[in-house]
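Engineer: predicted model follows, preceded by the sequence.
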Amino acid sequence: MEPQWLWLLAAVVLGIAELLVPGVFLIFLASAAALTGLATLMFGLPAAAQLLLFALLSVATVYAGRRWYVRNPLPSSDPLLNDRAARLRGETLVVVEAIENGRGRVRVGDSVWACRGPDCAIGSRVRVVGADGSCLKVTLAEPIAIEPPATGEHP
């Protein structure tokens, strides 16, 4: 089989693989293989030039595709779905390892996360105001006002 047909067949196989295992990566390699096949068909490139062209086109198509996806994010009903730290913003948590010199640990559900914020003792309640990677940024939570029981007279 001639090399240009092998490149075009590789493009089809990579395109089908993208459909079966969607990861939005193989499609760029498929387009690089298709372009390499077309260039080989038109110009009769030697094997070394084909491999070099495929490598260059692979880098170029992946780079172009990544830039396009970054500039055109898909709309989502829950944009923080895969960003657990950002989802915690506004939550009130309990300190399980005292925050000293700006660093400590807080309980998040059934796990413990590192945090940064004002010094406070174990058991203090803090509010998440942001995140830096997996380290939560916290501030002291405002105390909850508890009203004293009514001591009024009953009729």
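Structural biologist: Yes, it's here.

Engineer: that's a helix at residue 18, yeah?
Structural biologist: Yes. Under DSSP: H, G, I helix; E, B strand; the rest coil, residue 18 falls within a helix.

Engineer: now for residue 9, how many residues are close by?
Structural biologist: Residue 9 has 13 neighbours, counted by other CB atoms under 10 Å. Every residue, glycine included, has its C-beta placed from N, CA and C.

Engineer: contact partners for it?
Structural biologist: Residue 9 is in contact with residue 1, counting by CB atoms under 8 Å, 6 or more residues apart in numbering.

Engineer: quick check: the gap between it and residue 50.
Structural biologist: As for residue 9, its distance to residue 50 is 14 Å (criterion: CB to CB, to the nearest Å).

Engineer: same thing with residue 66?
Structural biologist: Residue 66 is 24 Å from residue 50, by CB to CB.

Engineer: again, but for residue 82
Structural biologist: Residue 82 is 38 Å from residue 50, by CB to CB.

Engineer: now residue 15
Structural biologist: 19 Å.

Engineer: and if you look at residue 130?
Structural biologist: 50 Å.

Engineer: so for these two, which sits in the more crowded spot?
Structural biologist: Higher neighbour count among residue 130 and residue 50: residue 50, with 18 against 14, using other CB under 10 Å.

Engineer: what's the next secondary structure element after the helix or strand containing that one?
Structural biologist: Per DSSP states H and E: residue 50 is located in helix 47-71. Using DSSP H and E, the helix or strand that follows helix 47-71 in sequence is helix 84-87.
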